[in-house]
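A.B. asks: coordinates for the following, if possible.
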Amino acid sequence: MRKLALTALLSLALANPAGAVVGIPPNPSTGPGLVDGTWLNGLAGGNNFSYIYGLTAAGTTQATALQLSSVYMLYQVDTSGSGGNTGVALPPCLQGELLWINNNTAYTINVYPSIANNPVTAAQDVIDVGSQATSTTITTYVSKIFSCAKNGVWTVK
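C.D. replies: Alright, predicted model coming up:
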C-alpha cells in the first residue's frame, strides 16, 4: 500500500512539476477572447506567471536605463555594457507588485526606480535597501526579488 501511494505521488509530481505552465496561455496578439480555464486556475494557484528574457541593460543613469514594463513577473537581463555601468529601471511601484530580476551577464548591473513618477504617489519611487535609495545593483549571475507593499517603495531581497 505504501509503495502504491508513493508511486501515485511521484507520478503526480512528474506530471505537473513546480513552475511548469498548466493549460494553454492566451495568445496576446489576437486581442480579447476566451481564456483556457485550466491555465487561469494555474495562474491563480501560482503555477503560471509571465516572463521575459534576452533583455539588454542600457544607459548609465536612471533616465537612460532600460525601462521595464509591468506585465512580467520574471525578467532576465542577458546582455549588459562592459564595465557594468548599464542598468534597468523598475516599473512603477504599486501595492502588490512582485518581480524577479536575473542578471545573466558577466557584469554588475544597476537597478533604478521607474523613470517616470509613480502614478499613485505623484513622486519618484525609491528602493529600500536598509535606507531609501535611488538605485541598487545586481552582481554577475545573481537574482534579486523586488516587492511593493507600500506605493512608491520597492523592497529588495
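A.B. asks: how many residues are close by the residue nearest to Gly152 when sequence neighbours are not counted?
C.D. replies: Leaving aside its sequence neighbours, Gly152 sits nearest to Thr121 (C-beta to C-beta, 6 or more residues apart in numbering; 4.2 Å). (Glycine included, C-beta is placed from N, CA and C.) Neighbourhood size, Thr121 [other C-beta atoms under 10 Å]: 15.
A.B. asks: leaving out the residues flanking it, which one is nearest to Pro119?
C.D. replies: Closest to Pro119 by C-beta to C-beta, 6+ apart is Pro92, at 6.0 Å.
A.B. asks: just to be sure, that neighbour is in a strand?
C.D. replies: No - Pro92: not assigned to a strand; according to DSSP: H, G, I helix; E, B strand; the rest coil it is coil.
A.B. asks: quick one, what contacts it?
C.D. replies: Ser70, Ser114, Ala116, Asn118, Pro119, Val120, Asp125 (C-beta atoms under 8 Å, 6 or more residues apart in numbering).
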